[in-house]
Structures are given as C-alpha cells and as structure tokens.
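S.K.: Here's a sequence, model it:
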Amino acid sequence: MGEFTMPSLGADMDEGTLVEWLVEPGAPIRRGDPVAVVETAKSTIEVECFESGTMGRPLVEPGTTVPVGTPLALIETAAGTRGKAGSARKPRKEPQGPPAPERTRPAEPAEPVRTLEPVASEAPGHGHVEAGPLIRHLAEEGGVDLAALRGSGPGGRVTRADIERAAAAAPTARTPTARAPRARVTPLARRRAAELGVDLSSVAGTGKDAAIRAEDVSRAASGHAATPSPPPRTTAAVRASRPSEDQAPAMRRAIARLMSRANRDVPHYYLSTTVDMAVPMDWLHDRNRRSPMSERLLPAALLLKAAALAAHEVPELNGFWTDDRFTAGEGVHLGMAVSLRGGGLIAPVLRGADTLELPALMSALKDLVSRARTGRLRGSEVSGATLTVTNLGDQGVETVFGVVHPPQVALVGFGRVVDRPWAVDGLLGVRPVVTVTLSADHRATDGAVGARYLTAVDRLLQNPEKL
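M.R.: Here you go, the predicted structure:
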C-alpha cells in the first residue's frame with residue numbers, strides 16, 4: 001500500500017489546496033497518470049501519481065489546504081509494499097533538480113501488468129490464458145474478446161500491449177453486444193452535477209480520455225436556460241471556477257516573497273551582450289518558406305536552443321546552490337517565464353532542451369505556454385528547472401535583467417529583435433540585433449564564467465543550421 005502525498009511544486013511552495021480528484025476509488029492508474037488537481041499560490045496543477053496500481057481510499061476532501069508531504073490518498077500498488085506516490089521533500093533544503101528516475105514517465109514496457117493477483121481463464125482454442133483484473137477491465141472498455149487472444153507475456157499471460165494491439169487492429173470487429181465504455185467522471189464533477197442539476201450524459205469531457213471534469217459540468221450548467229437554485233458551492237468549486245480572481249493576489253504575494261528572498265540572499269552580478277541576428281534570421285526565413293505552416297519556427301526557438309546548448313557547454317551556470325555549494329544539474333531543463341492572463345507568471349519546464357530538435361522544441365514551447373495560460377500543467381512540468389529563460393521581446397522590451405530563481409544560479413534574458421546601425425567588415429549598415437542578458441549568483445560563478453556563456457550563445461546563433 002502506497003501513499004499519494006501533496007507534492008512540492010516549487011521552491012516557494014509550503015502548502016497546497018486539493019481542488020479535485022480526477023479518479024475514483026477502485027479505478028486502475030498507471031505511473032504518470034494525473035490523479036488530482038492541486039492549487040498553489042501560482043497556478044492550478046494536475047498532479048501525477050508515480051506508482052501503478054489501484055486508486056484507494058482518499059484521505060483528504062476537495063477544498064482542503066494541507067502542507068507539502070501530507071498523505072492525500074492511499075494507492076494499492078502492484079507489489080503491495082508501502083511507498084510514497086508523491087514527493088514530501090522540502091525544496092528549500094534540496095535542489096529542485098530533474099525528477100528522480102522513478103518519477104519520470106517511461107515508455108510502457110511490453111510486460112504484464114500485475115496490479116493484483118492474476119485470475120486464470122480458459123480460452124477456447126488457445127488453452128490456459130491468464131489475465132488480471134486490470135487487463136479484464138481494459139479488455140471490456142476496448143471491446144476486446146479475451147478468449148480470442150493469445151497472450152504475449154510469460155506463460156501466455158495477456159498484457160496491456162496485447163489489448164491495445166487487438167483494439168487497434170480490429171476496431172470494427174467488436175461484437176454488437178459489447179458494452180460501450182462508460183464516460184469517466186471525476187468525483188467532484190459528480191457532486192457538481194448533482195448540485196447544478198446537470199445531466200452527465202449530455203456533458204462532453206475535456207479531461208484525459210474524455211473524462212468529465214468539474215469545469216465541464218460548470219460550462220454545461222451555464223448554458224441552461226433555467227437552473228434550480230443550487231446549495232452554496234464548496235471552496236474548491238469556487239476556486240476551480242474563478243482561478244484568475246482568487247489566485248492573482250496570492251500569486252503576487254508568493255512572487256514577492258521569493259524575489260525578496262532572492263534579492264536578499266543571492267549576490268547577483270549582471271552581464272549583457274548584443275548579438276547580430278542577420279545570419280540566424282535569414283536562415284529562419286529561408287527554412288520557413290520551404291516548410292508547411294504547422295512546422296514553421298519563431299525566433300524564440302533559436303534563442304531557447306542556443307541558451308540550452310550554451311548551458312551544456314558552460315555547466316557552471318546550469319544547476320543549484322544548496323548547502324553552501326553548487327550542484328550541477330543532470331541535463332539542461334529550461335524554466336520558461338510565462339506571463340498569465342490573470343496576472344503574475346509561472347515557469348513551466350522544457351526538459352532536455354539541449355537535446356531537442358528545433359521543430360520538437362517549437363512544438364513543446366507552444367504546448368507548454370498554452371497549457372500554462374489555461375491552468376492545465378502537470379506537477380512534473382513546474383519543477384526541476386536548472387536554468388530559467390525570460391523573453392520579453394514580444395512585449396516590445398529590448399533589454400531585461402531578471403532575478404535569479406533560487407536554488408538556481410542563473411537567469412538568461414532575451415529582448416526584442418530590432419534593426420540597428422551595425423558595422424560589418426568596416427562597412428556600416430542596418431542589421432537585426434538582439435540584446436542577451438545574464439543574471440547570475442556570484443557565490444557559484446563570476447563574470448568570467450558568465451562571459452563565456454554569453455559568448456557561446458552568440459557563436460551558436462551564428463551557426464543556426466547546427467542548432
């Protein structure tokens with residue numbers, strides 16, 4: 001039996017509010033599945049479970065605010081051992097590095113799921129076939145006849161991959177009597193529907209696998225011509241329906257606390273350089289002319305990739321200052337400062353940015369920014385940044401000097417690409433240029449290291465075909 005705990009989603013997070021459960025007790029869950037919505041001072045986050053098993057008894061009701069590390073629910077794990085399904089670490093004392101291997105979301109292995117003890121069944125024509133309760137549940141939802149399957153697992157055991165292959169290969173061959181999969185409804189959505197008198201069968205779900213969430217019910221209710229007067233809504237319901245109104249003041253206070261601490265405790269130094277963008281912009285325009293609209297790149301993609309590769313070359317700026325020493329980050333994970341429509345900002349993490357090809361980086365950037373501004377980020381996407389990048393070029397700003405986000409040791413700023421008089425080979429002309437700045441922690445590095453980093457950014461941008 002494991003515990004799903006209130007996770008730490010940032011260096012300034014001490015507590016969080018459980019807004020909504022996304023799964024019901026008894027439902028099967030896989031590692032990486034979002035199981036709850038948690039509200040912090042900065043945003044509303046979908047939190048994943050990091051163990052596979054079955055959702056057990058909830059220990060905390062929606063609307064409750066609890067400290068980081070508090071058990072929220074029990075998880076019946078595959079091994080039946082007691083473990084932690086969420087993080088209870090205090091981020092102030094440990095680096096906010098990339099999640100440990102067990103907290104990442106690996107590709108599904110083609111091995112049997114052993115959530116509970118397997119149950120044997122006889123399969124005509126294939127002899128003895130074993131399939132656990134979770135596999136039977138998946139087969140029923142997918143309209144797959146277990147008796148007709150030959151398991152690929154050890155001893156002929158039917159695996160999740162067998163079910164998925166069978167469902168994908170013969171979607172039209174399901175028997176007419178197969179029961180259609182029931183729409184998933186979160187517990188809070190059921191309560192909200194009862195309060196507002198909404199028929200769940202008429203609600204379209206926007207959650208994972210089309211699950212109906214509380215906000216879907218609220219949207220459906222707002223379209224009704226007449227709705228019975230509902231009883232007073234819970235605190236969680238009010239917060240879920242009005243995140244920008246309720247969270248903006250709290251977010252500003254949280255940002256103020258963190259930045260005040262950063263300015264007080266971190267001895268900053270600042271550097272800047274101006275980069276000639278003629279070569280990268282010409283390369284970008286030429287590439288975009290030859291690419292379909294969906295694959296075209298923005299200058300921000302080049303800047304981010306150059307920042308990430310430079311951090312790989314100068315690892316002294318890519319990591320954390322904790323316990324009076326520097327710890328290098330495992331990989332380059334860029335935190336991207338994103339302004340929110342309701343005010344404030346959040347920094348979702350672009351993991352392994354130095355390893356991403358430009359089209360993949362552009363796609364990931366668009367996705368993270370979109371979900372950050374609609375409150376659909378997951379817990380693993382708001383923690384673990386090794387270096388933060390802020391780009392205010394789209395706001396018309398030419399130069400930005402940011403504040404280091406502890407325990408990180410550096411922040412990179414990009415301004416707007418502007419045309420300026422520029423001398424090249426003794427000749428004066430007009431060239432597009434961008435100002436790149438670096439704010440860094442003097443305890444970890446000095447100006448010489450910062451200068452190497454900015455020089456690397458400039459050099460990388462002059463060779464865009466290698467980014």
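S.K.: Give me the neighbour count for residue 425.
M.R.: A count of nearby residues for residue 425, using other Cβ atoms under 10 Å, gives 5. No exception for glycine: its C-beta is placed from N, CA and C like everyone else's.
S.K.: what residues go with each domain of this protein?
M.R.: According to automatic domain parsing, the chain comprises the domains 2-103, 107-184, 187-241, 245-466.
S.K.: Which one of those domains has the poorest average confidence?
M.R.: Here the lowest mean pLDDT among the domains of the chain goes to domain 107-184, at a mean of 56.
S.K.: Determine which stretch of the domains of the chain is the most buried.
M.R.: domain 2-103 (a mean of 20; mean count of other Cβ atoms under 10 Å).
S.K.: Which element, helix or strand, includes the closest residue to residue 406 other than its chain neighbours?
M.R.: Nearest residue to residue 406, sequence neighbours excluded (Cβ to Cβ, 6 or more residues apart in numbering): residue 262, at 5.4 Å. Element membership of residue 262 [criterion: DSSP states H and E] is helix 243-265.
S.K.: And the contacts of that helix?
M.R.: By Cβ atoms under 8 Å, 6 or more residues apart in numbering, the residues outside helix 243-265 that reach it are 11-12, 39-44, 238-239, 340-345, 375, 403-406.
S.K.: Ok, stretch 268-280 next?
M.R.: Here stretch 268-280 has contacts from 299, 302, 399, 401, 403-404, 417, 420, 422, 424, 431-442, 446-447, 450-451, 454-455, 457-458, 461-462, 464, using Cβ under 8 Å, 6+ apart.
S.K.: Would you pull up how far that stretch lies from the middle of the chain?
M.R.: Distance, stretch centre to chain centre, for stretch 268-280: 29 Å (Cα atoms, centre = their mean, to the nearest Å).
S.K.: any idea how far the residue nearest to residue 406 is from residue 408?
M.R.: 10 Å (Cβ to Cβ, to the nearest Å).
S.K.: Could you do residue 333 as well?
M.R.: In this structure, residue 333 and residue 408 are 10 Å apart, going by Cβ to Cβ.
S.K.: I figured residue 52 hits residue 31, correct?
M.R.: Yes. If you go by Cβ atoms under 8 Å, residue 52 and residue 31 touch, sitting 4.9 Å apart.
S.K.: Residue 311 - that's part of a strand, no?
M.R.: No. Secondary structure of residue 311 (DSSP: H, G, I helix; E, B strand; the rest coil): helix, not part of a strand.
S.K.: list the contacts for it?
M.R.: By Cβ under 8 Å, 6+ apart, the neighbours of residue 311 are 317-318, 332, 334, 354, 386-387, 453.
S.K.: out of those, which are inside strands?
M.R.: 334, 387 (DSSP state E).
S.K.: can you put the contacts of residue 311 in JSON lines and add distance to residue 23?
M.R.: Putting those into JSON lines (distance: Cβ to Cβ, whole Å) gives the following:
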{"residue": "317", "distance to residue 23": "40"}
{"residue": "318", "distance to residue 23": "36"}
{"residue": "332", "distance to residue 23": "33"}
{"residue": "334", "distance to residue 23": "31"}
{"residue": "354", "distance to residue 23": "35"}
{"residue": "386", "distance to residue 23": "32"}
{"residue": "387", "distance to residue 23": "34"}
{"residue": "453", "distance to residue 23": "44"}
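S.K.: Return the distance of stretch 433-444 from the chain's centre.
M.R.: With Cα atoms, centre = their mean, you get 26 Å for stretch 433-444.
S.K.: Skipping its backbone neighbours, what lies nearest the residue nearest to the spatial centre of the chain in space?
M.R.: Nearest residue to the geometric centre of the chain (Cα atoms, centre = their mean): residue 381, 2.7 Å. Sequence neighbours aside, residue 348 is the residue nearest to residue 381 in space, at 5.0 Å (criterion: Cβ to Cβ, 6+ apart).
S.K.: Quick check: phi and psi at the one you found.
M.R.: phi -60, psi 160 (degrees, to the nearest 10).
S.K.: by contact count, what packs against the helix or strand harbouring residue 3?
M.R.: Here residue 3 sits within strand 2-5, counting by DSSP H and E. Helices and strands touching strand 2-5, by 3 or more Cβ pairs under 8 Å, 6 or more residues apart in numbering; DSSP states H and E, are strand 71-77.
S.K.: where does residue 203 sit relative to residue 196, distance-wise?
M.R.: Counting by Cβ to Cβ, the separation of residue 203 from residue 196 is 11 Å.
S.K.: Overlap in contacts, the two.
M.R.: Common neighbours of residue 203 and residue 196 (Cβ under 8 Å, 6+ apart) are residue 217.
S.K.: Run through the strands of the stretch 301-450 of the chain in chain order.
M.R.: 319-322, 325-328, 334-336, 338-339, 345-346, 349-350, 377-378, 387-391, 410-414, 418-424, 427-441 (DSSP state E, counting those that start in this stretch).
S.K.: Output the first one in PDB with nothing but the alpha carbons.
M.R.: What follows is strand 319-322, C-alpha atoms only, in PDB (Å, rounded to 0.1, in the frame of the first residue of the first chain):
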ATOM      1  CA  GLY A 319      22.400  23.800 -11.600                       C
ATOM      2  CA  PHE A 320      21.700  24.700  -8.000                       C
ATOM      3  CA  TRP A 321      23.200  26.400  -5.000                       C
ATOM      4  CA  THR A 322      22.300  24.400  -1.900                       C
END
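S.K.: thought residue 59 was touching residue 72?
M.R.: Yes. The pair residue 59 / residue 72 is scored as a contact, 5.9 Å apart, by Cβ under 8 Å.
S.K.: So in terms of bridging, what pairs with residue 321?
M.R.: residue 326 (DSSP bridges).
S.K.: what's the distance between the nearest residue to residue 25 once chain neighbours are set aside and residue 251?
M.R.: Among residues not flanking residue 25 along the chain, residue 55 sits closest, at 5.5 Å (Cβ to Cβ, 6+ apart). As for residue 55, its distance to residue 251 is 30 Å (criterion: Cβ to Cβ).
S.K.: Residue 66 too?
M.R.: On the measure of Cβ to Cβ, residue 66 and residue 251 end up 19 Å apart.
S.K.: where along this protein do the helices fall?
M.R.: 133-142, 160-169, 187-196, 214-222, 235-241, 243-265, 278-289, 299-313, 358-373, 447-461 (DSSP state H).
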